[in-house]
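Trainee: Attaching a predicted model along with its sequence, questions to come.
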Amino acid sequence: MSPTSEPWKPSSYSPSKTALLLLDYENAHVNMIQDQERREKVIHSTKQLLTAARENNVAIVHCLMDTTIDPPKTSKGTEKWQSMIKPMLTANPDMVAEYSDFAITTETSSNGRESTSHRNPGYLSALVDEGLLLLLREKLGVAHLIMSGITTSGPVLGTATHATDLDFVVTVVGDACWDPDEQVHRALLDTVMPVLAWVSTVEEAVGHMSG
């Protein structure tokens, strides 16, 4: 592996230069997946990514929404947030917790390579959190981001696009992503994202973290 010969390829970066971003796996989002087979596939795929990252000392960031704050007043989603989403989350606070099978634990966070990042619910990209960008770039020296999450048309697309604009090499793991609109999900993974990012299987992503 040569880090400089083909810098646009994920294979050019060692596990120490790679980070796994898990995007919006809150209970509310995981519970949206009604198709049991699809749900199990997303859960299994994400657990495979987590296991590989932990075994190879790859940095992991659990990227979630900070639902204690409101979206910017200029956000088009503010009205829906105030009228529907916020009351629902207030009545069911467990919905905003990360899905337990993926959640960070005291044991996994003790090595300093696994952390949680929160962003304003009005933003799609996890990288709007300046602390996250500082962590990835300056503290960890990461250049390659492997990411997956719910939804494909939301934080996955938003974070992948933002990351490529910031000169990260991006790998999106399609098997661990989900969107309520299957046609949109497929169009994004098959046509839109490959223009800027590498769309991979779980096995390929695990290989990048094990190199």
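Mentor: Cool, the structure landed.

Trainee: residues of the helix or strand of the chain with the lowest mean pLDDT that come out buried?
Mentor: Within the chain, no helix or strand scores below helix 106-109, which has a mean of 71 by mean pLDDT, DSSP states H and E. Taking 16 or more other C-beta atoms under 10 Å as the neighbour-count basis, helix 106-109 is seen to contain the buried residues Thr108. C-beta here means a position set from N, CA and C on the backbone, and glycine is covered the same way.

Trainee: Tell me which other helices or strands it touches.
Mentor: Applying 3 or more C-beta pairs under 8 Å, 6 or more residues apart in numbering; DSSP states H and E, we find helix 106-109 packed against no helix or strand.

Trainee: Strands along the chain, start to end?
Mentor: Using DSSP state E, the strands assigned to the chain run over residues 18-23, 59-65, 114-119, 144-149, 169-173, 198-200.

Trainee: quick one on the thing from earlier: contacts for the least confident helix or strand of the chain, please.
Mentor: Contacting residues not belonging to helix 106-109 are listed as Arg54, Ile60, Glu114, Ser115 [C-beta atoms under 8 Å, 6 or more residues apart in numbering].

Trainee: Show the buried residues in the residues you listed.
Mentor: Looking at the contacts of helix 106-109 with 16+ other C-beta under 10 Å, the buried ones turn out to be Arg54, Ile60, Glu114, Ser115.

Trainee: what residue ranges in the chain are flagged as low confidence?
Mentor: Low-confidence segments of the chain, defined by pLDDT under 70: 1-4, 109-110.

Trainee: hmm, 50 instead?
Mentor: Applying pLDDT under 50 to the chain picks out residues 1-3.

Trainee: report the longest helix in it, please.
Mentor: Taking residue count as the measure and DSSP state H as the definition, the longest helix of the chain comes out as helix 36-55.

Trainee: Show me what that helix is in contact with.
Mentor: For helix 36-55, the surrounding residues in contact (C-beta under 8 Å, 6+ apart) are 20, 22, 25, 30, 33, 58-60, 99, 101-102, 108, 114, 146, 148, 150, 173, 175-178, 202, 205-206, 209-210.

Trainee: How about stretch 152-162?
Mentor: With contact meaning C-beta under 8 Å, 6+ apart, stretch 152-162 is reached by 21, 23-24, 63, 123-128, 147-150, 170, 172, 177-179, 181, 184-185, 188-189, 192-193, 196-197.

Trainee: Now which of those would you call buried?
Mentor: Neighbour-count burial (16+ other C-beta under 10 Å) is assigned, among these, to 21, 23-24, 63, 123-128, 147-150, 170, 172, 177-179, 185, 188-189, 192-193, 197.

Trainee: And the helices in the protein?
Mentor: Shown for the chain, the helices assigned by DSSP H span residues 27-30, 36-55, 78-80, 86-91, 106-109, 130-134, 157-165, 182-187, 202-210.

Trainee: Let me have those helices in CSV, extended by distance to Trp8.
Mentor: CSV is the format used below for the helices of the chain (distance: least, C-beta to C-beta, whole Å):
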stretch, distance to Trp8
helix 27-30, 31
helix 36-55, 22
helix 78-80, 38
helix 86-91, 40
helix 106-109, 31
helix 130-134, 20
helix 157-165, 10
helix 182-187, 23
helix 202-210, 14
